[in-house]
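A.B. asks: Fold the following, please.
(one chain, ligands or ions: 1)
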Amino acid sequence: MRYASITDRLADLGSGRWAVHAEARRMKAAGEDVIELTIGEPDVAPDRALLDEAARAMHSGRIRYSNGRGEPSVLKALVDKYSKRRPGVTAENFLCFPGTQAALYIVMAGLVEAGDGVLVGNPLYATYEGVISSSGAHPVYVPLRPENRFHMQADDLERAITPECRVVMLNTPHNPTGAVLNAAEIAAIGEVCRRHDLWIVCDEVYEQLVFDDTTFASPFYMPELADRTIVVSSISKSHAAPGFRSGWAAGPTEFCQKLLPVSETMLFGVQPFIADMTAMALSQDFHMAPTMRTNYRRRAELAGQTFAGTNLVKPMLPEGGMFILLDVSATGLTGLEFAWELLRQERVAVMPGGSFGHEANGFLRISLTVPDDVLVTAMNRIGALASRLVETKRRASA
Ligand SMILES: Cc1ncc(COP(=O)(O)O)c(C=O)c1O
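C.D. replies: Coordinates of the predicted model:
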C-alpha cells in the first residue's frame, strides 16, 4: 500500500535511539537486575489533591466537549501565571494542548512547511527532529558547546542561519544538557532573531526544575520579543503528571487566532476534567517541583563527586532539569559503544548522548530520577568500566 511521505520522514527518528533502553527493558522482563537511568520521568507522586480534583470533576460531569482554545478555568490560571511577569496578557494569548509534545507539533505545523529551515541547538531533545520534519521543514543545527556549558551563543546562531530559516527552537532548561539560558543570552539570541525575522519557539517544560542558584529567564517576558515568541509547556514535569497530557502554547494573539483552526481540526478541544485539575495545579503551590529540584540537584552533585578523582569520565553539571551528561570520550569509545558495554558488563542502562544529536556523541545521558544509593552504585559501575576499558587498551598496546 502507498503511504504519505511523513511516514518516511519520521521512520528513522524513533526506536533506534532507544535501543539500549529497549534491551534493558527486555533484560529486566527476563528477570535480570538492571539499573535503569534512561527515561526522565518524575519519581515523585503528584499531590493527592490534584488526583482528587480530576476525579471530582469527572464525576461531576466535566466530560463533555470542550472548545478549541481551552477551558476558562485553565486560561484564567495561565493568565494569572504569565501576567506576573508580563502584565497585559489575556486568554487570547494561549492555546491548550494535550502536552508540550502536541503543542510543539501543532505550532510547527502553523509556522513552517517544506523547504523551510528550523534552527535548533545540537544536542537536542530526541523528538525535535521529528517535530521539525513532520511539517516538511528541515533542522538547521546550531552547535551547543561544552566549553559554553551548552548555552546557545548568539554568534553560533547567526553563523548557522541560511536563507530558508524561519524559526529558532530554544529549550531552557535544556534536555539533555541541563543548560539554563540567562536573560543576557536570550536577549542576544533575540536580537539575531529580530534582525533575521525569525520566530522563537521556546520549550519551557522544565521551568520549575531550575536549580536554586540559577534564575529562569524567558523570551516571553522581553517586550521587544513579544511579537515573535511562542512558549510551549505543560504540567508533566512541574507537577509530576506526564500521564495527564496537559499543556499549552503562549504567544501573540494573532498567532493564537491563526493556530486555533489548526488545533481544532486536530484535537477538537481537550478534556474538561483534566483542565480543572490543571487549573488547580497552576493556581496553588505544591511540593513536587521543590522536592524534585532539591533531589535532582543533590543527585547531580553526587554523580559528579563519584568522578572527582578521575579524568576518564567528566560530569557536566546541569543547572536544571532531571539529567546529567557524562563525557566518556577519554575512554576512546563513543557514548553509544560505552552504553552497550555498560549494559552488558555492568547491568546499567543509560542513554547514549548521540540519541540527542551528533554533538553529544561522546556523552552519556543519565536520568537523576532514581534514589541516591542506586545512582551512586550506577556511577561507581560506570567508573569501574571506564577504568577497565582504558586498562585493556593500555595492555593491548604495550
Ligand atoms: C525538552 C522536552 N520537551 C517536551 C517534552 C514532552 O513534554 P510533555 O509531557 O509536556 O509532552 C519532554 C519530555 O521529556 C522534554 O524533555
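
A.B. asks: buried ones in stretch 252-260?
C.D. replies: P252, F255, C256, L259, L260 (16 or more other CB atoms under 10 Å). Yep, even glycine has a C-beta here, placed from its N, CA and C like the rest.

A.B. asks: and which of the residues you listed is nearest to P163?
C.D. replies: F255 (22.9 Å; CB to CB).

A.B. asks: which residues touch that closest one?
C.D. replies: By CB atoms under 8 Å, 6 or more residues apart in numbering, the contact set of F255 is G110, I230.

A.B. asks: got the phi/psi numbers for L170?
C.D. replies: phi -110, psi 160 (degrees, to the nearest 10).

A.B. asks: got the contact list for it?
C.D. replies: G121, M152, L181, I186, I189, I200, V201, C202, D203, P219 are the contacts of L170 under CB under 8 Å, 6+ apart.

A.B. asks: Most neighbours among the residues you listed, which one?
C.D. replies: Of the contacts of L170, G121 is surrounded by the most neighbours, 30 neighbours in total, counting by other CB atoms under 10 Å.

A.B. asks: follow-up on the earlier one: contacting the ligand as well, which ones from the contacts of L170?
C.D. replies: D203 (CB under 6 Å from any ligand atom).

A.B. asks: Of the contacts of L170, just say which sits nearest to the ligand.
C.D. replies: D203 (4.7 Å; CB to the nearest ligand atom).

A.B. asks: pLDDT score for the closest one?
C.D. replies: D203 is assigned 98 on the pLDDT scale.

A.B. asks: Ok, the one 5 residues further on next?
C.D. replies: Per-residue confidence (pLDDT) for Q208: 97.

A.B. asks: Secondary structure of C202: a strand, I assume?
C.D. replies: Yes. Counting by DSSP: H, G, I helix; E, B strand; the rest coil, one finds C202 located in a strand.

A.B. asks: Just give the nearest non-adjacent residue to it, would you?
C.D. replies: Nearest residue to C202 in three dimensions, chain neighbours excluded: L170, at 4.4 Å (CB to CB, 6 or more residues apart in numbering).

A.B. asks: any idea how far the one you found is from R149?
C.D. replies: Counting by CB to CB, to the nearest Å, the separation of L170 from R149 is 15 Å.

A.B. asks: Show me which positions of whichever helix in the chain runs longest end up buried.
C.D. replies: Across the chain, the longest stretch assigned as helix under DSSP state H is helix 372-397. Neighbour counts over helix 372-397 (16+ other CB under 10 Å) mark L375, V376, T377, A378, M379, R381, I382, G383, L385, A386, L389, V390 as buried.

A.B. asks: could those be laid out in TSV, adding pLDDT?
C.D. replies: Output for the buried residues of helix 372-397, formatted as TSV (pLDDT from 0 to 100):
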residue	pLDDT
L375	98
V376	97
T377	98
A378	98
M379	97
R381	97
I382	97
G383	96
L385	97
A386	96
L389	92
V390	90
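
A.B. asks: residues in the stretch 201-350 of the chain within reach of the ligand, list them.
C.D. replies: Counting by CB under 6 Å from any ligand atom, the residues of the stretch 201-350 of the chain near the ligand are D203, V205, S234, S236, P242, G247.

A.B. asks: which SS class is the fourth one?
C.D. replies: Secondary structure of S236, reduced to three states by three-state DSSP: coil.

A.B. asks: Just give the closest residue to it, not the sequence neighbours.
C.D. replies: P242 (3.9 Å).

A.B. asks: how many neighbours does the one you found have?
C.D. replies: With other CB under 10 Å as criterion, P242 counts 19.

A.B. asks: could you list every residue that touches it?
C.D. replies: Contacts of P242 by CB under 8 Å, 6+ apart are E41, P42, G99, S236.

A.B. asks: where does the stretch 1-150 of the chain have low pLDDT?
C.D. replies: 14 (pLDDT under 70).

A.B. asks: Mind jotting down where the helices sit in it?
C.D. replies: Assigned by DSSP state H, counting those that start in this stretch, the helices in the stretch 1-150 of the chain fall at 5-11, 19-29, 48-59, 72-83, 100-111, 128-134.

A.B. asks: Excluding its own residues, what touches the last one? List them.
C.D. replies: This means helix 128-134. 6, 9-10, 13-14, 101, 104-105, 108-109, 112, 118, 120, 138-139, 169, 171.

A.B. asks: Give me the subset of those that also touch the ligand.
C.D. replies: Restricting those to those near the ligand - CB under 6 Å from any ligand atom - leaves Q101, N171.

A.B. asks: Please indicate which of the contacts of helix 128-134 are buried?
C.D. replies: The buried subset of these (16+ other CB under 10 Å) comprises 9, 13, 101, 104-105, 108-109, 112, 118, 120, 138-139, 169, 171.

A.B. asks: Pretty sure I324 sits in a strand.
C.D. replies: Yes. Under three-state DSSP, I324 falls within a strand.

A.B. asks: Pull the contacting residues for it.
C.D. replies: G178, R299, A300, A303, G304, P315, M316, L317, P318, R365, I366, L368.

A.B. asks: now the residue nearest in space to the middle of the chain: how far from L260?
C.D. replies: The residue lying closest to the centre of the chain (CA atoms, centre = their mean) is N175, at 4.4 Å. According to CB to CB, N175 and L260 sit 28 Å apart.

A.B. asks: secondary structure class for the closest residue to Y65 other than its chain neighbours?
C.D. replies: Closest residue in space to Y65, ignoring its immediate chain neighbours: G269 at 5.8 Å, by CB to CB, 6+ apart. Under three-state DSSP, G269 falls in the coil class.

A.B. asks: Now G269. Its backbone dihedrals?
C.D. replies: Per degrees, to the nearest 10, the backbone of G269 is at phi 90, psi 170.
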